[in-house]
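Visitor: A structural model of the following input is requested.
(chains A and B)
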Number of protein chains: 2
Amino acid sequence: MALSKNKIKFIHSLELKKNRKAEKAFLAEGHKLVGDLLGHFHCRLLVATDEWYAANRRAQTNAIDETVMVSEEELSRASLLKTPQQVLAVFEQPEYSTDPSVISRSLCLALDGVQDPGNLGTIVRLADWFGIEDVFCSPQTADIYNPKAMQATMGGIARVRLHYTPLPDLIRTLDRETPVYGTFLDGENMYGEKLSTHGLIIMGNEGNGIGPEVGSLINRRLYIPNYPAGRETSESLNVAIATAIVCAEFRRQAPSL
Amino acid sequence: MALSKNKIKFIHSLELKKNRKAEKAFLAEGHKLVGDLLGHFHCRLLVATDEWYAANRRAQTNAIDETVMVSEEELSRASLLKTPQQVLAVFEQPEYSTDPSVISRSLCLALDGVQDPGNLGTIVRLADWFGIEDVFCSPQTADIYNPKAMQATMGGIARVRLHYTPLPDLIRTLDRETPVYGTFLDGENMYGEKLSTHGLIIMGNEGNGIGPEVGSLINRRLYIPNYPAGRETSESLNVAIATAIVCAEFRRQAPSL
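Guide: Take a look at the predicted model:
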């Protein structure tokens, strides 16, 4: 069965957020990503080469609305990647109920306007590594279903829930005792702090950092020390890099058995 | 003075490595990056709007071979960015002598085939943050003068020297006692190790990690623990993220005064 022009058009349409939203769908490409998402999300359409399909039992054992086998040439016409990778799939966007009480039981992230899809996907990937299962995103944050963000998660999105919600309202629902962390140039050296095993770690926009309203609700201001202290540097770290350094330190202080 | 077609062609030609190499030049764009590089690298051509030039004394006080004032429209014709940012400049590639003895005195990075220019630039930016002044790159590593890599350094390239050289030869010149670190899934939990204040930290290719020849020369195998230990995760971290987590831990263990 060939891939119809309409299907190719549908796949390409998912590059735009408004279409993804209308269809409640998103596109994933490549062996690693599609393999990780099958079984986690409902698959509406799987487009794969014969070789890939034959070698991947997950594709055969999971419920998939429609499977189309294609040549590599056909796949490259459907793909958004420069170098298509044997398989792509359209999945349904999951719907999660947002329960802020998870913040009083476990460590969660909040993103206040992270704009770059690659940064967002990289943050989801590292959240997965560090066992952070809930990420709250301000409405201005990039869309995780953007194909570039999705690729950068490397499958981490199968184990991390994203909640798009206004952050000030979210934070105001929390107990006063719940730690709400953010990084600031005038914060406390995080290596001198006893870090909590629950609460919210807020990371800001690439250019502007954490906005003033969210900033005023943060009760634990941290600083990632540069080295040597006080030396002239590039003044800041990429937001995904800073997130990783902070999360690593939280987890170092509370190692699992 | 208008920007000639030839100059625009020259600027655009610097998107390709062979042209950058032939000209021993590279392109930098934007207020932050150009501002940081002026005074550090020899500037052959500065292209700026009147407003930017008037507001930036560094552009007026540094020796610049040629300055061209342009309208925003002209700038956008010269720029490689979607959203041009008031200024771009062509700099000369610096030439550094590679002295491996720096590895026995200070902490250095080595990149074994990092391919993505964005990852490379991000690593230079974080090296700058952590005071790592020398980064050794295998010849297969992306070119730091790639415009995307350069943008991602956010000016860190002004304070970090990159040396393109075969890594096995470099490592073989070191004393046996010099620590050569790498991260591996079967390495030692890095939080249980006493980390050195000098030596080489080797990071590998995005897909394939550290190559076998370089791998066999590593004498300290580290592991970044995930959380909770043993949980199913995305199996790996982005190479720039892993570099950041490792460098942060080295510097945490040896804080400066």
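Visitor: how many degrees apart are the lengthiest helix in chain A and helix B:239-253 in direction?
Guide: What stands out as the longest helix in chain A, according to DSSP state H, is helix A:239-253. Using axes from the mean of the first three to the mean of the last three Cα atoms, to 10 degrees, one finds that helix A:239-253 and helix B:239-253 are set 50 degrees apart in direction.
Visitor: Report all helices and strands that helix A:239-253 contacts.
Guide: Applying 3 or more Cβ pairs under 8 Å, 6 or more residues apart in numbering or on different chains; DSSP states H and E, one finds that helix A:239-253 contacts strand A:107-112, helix A:117-129, strand A:180-189, strand A:199-204, helix B:117-129, helix B:239-253. Every C-beta, even on glycine, is put in place using the N, C-alpha and C of the backbone.
Visitor: okay, the ones you listed in CSV with distance to B:Asn205 next?
Guide: Formatted as CSV, the helices and strands packed on helix A:239-253 follow (distance: least, Cβ to Cβ, whole Å):
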stretch, distance to B:Asn205
strand A:107-112, 28
helix A:117-129, 17
strand A:180-189, 30
strand A:199-204, 27
helix B:117-129, 10
helix B:239-253, 8
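Visitor: Same list (those) but as a markdown table, adding mean pLDDT and distance to B:Thr141.
Guide: Listed next are these as a markdown table, based on pLDDT from 0 to 100; distance: least, Cβ to Cβ, whole Å:
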| stretch | mean pLDDT | distance to B:Thr141 |
| --- | --- | --- |
| strand A:107-112 | 98 | 30 |
| helix A:117-129 | 97 | 19 |
| strand A:180-189 | 94 | 30 |
| strand A:199-204 | 98 | 28 |
| helix B:117-129 | 97 | 7 |
| helix B:239-253 | 97 | 11 |
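Visitor: Go through the ones you listed and name the closest to B:Tyr191.
Guide: Across the helices and strands packed on helix A:239-253, B:Tyr191 has its closest neighbour in helix B:239-253 (7.0 Å, Cβ to Cβ).
Visitor: what packs against the helix or strand of chain A with the lowest mean pLDDT?
Guide: Across the helices and strands of chain A, mean confidence by mean pLDDT, DSSP states H and E is lowest for helix A:57-61: a mean of 77. Contact partners of helix A:57-61 among helices and strands, from 3+ Cβ pairs under 8 Å, 6+ apart: helix A:50-55.
Visitor: Not counting the helix it packs on itself, show me its contacts.
Guide: A:31, A:59-60, A:67, A:69, A:86-87 (Cβ atoms under 8 Å, 6 or more residues apart in numbering or on different chains).
Visitor: at 10 Å instead, please
Guide: With contacts defined as Cβ atoms under 10 Å, 6 or more residues apart in numbering or on different chains, helix A:50-55 is touched by A:31, A:34-35, A:46-49, A:59-60, A:67-72, A:75, A:85-87.
Visitor: Would you mind listing which of these are buried?
Guide: A:34-35, A:46-49, A:59, A:68-70, A:75, A:85-87 (16 or more other Cβ atoms under 10 Å in any protein chain shown).
Visitor: thinking again about what came up before, list the helices and strands the helix or strand following the least confident helix or strand of chain A packs on?
Guide: Counting by DSSP states H and E, the next helix or strand C-terminal to helix A:57-61 is strand A:67-70. Helices and strands touching strand A:67-70, by 3 or more Cβ pairs under 10 Å, 6 or more residues apart in numbering or on different chains; DSSP states H and E, are strand A:43-49, helix A:50-55, helix A:72-78, strand A:87-92.
Visitor: Give the other helices and strands that the last one contacts.
Guide: Using 3+ Cβ pairs under 10 Å, 6+ apart as the contact test, the elements touching strand A:87-92 are helix A:5-13, helix A:17-23, strand A:25-29, helix A:31-37, strand A:43-49, helix A:50-55, strand A:67-70, helix A:72-78.
Visitor: Next, the angle from the fifth one to strand A:87-92.
Guide: Meaning strand A:43-49. Going by the same axes, to 10 degrees, strand A:43-49 makes 180 degrees with strand A:87-92.
Visitor: Noted, bye for now.
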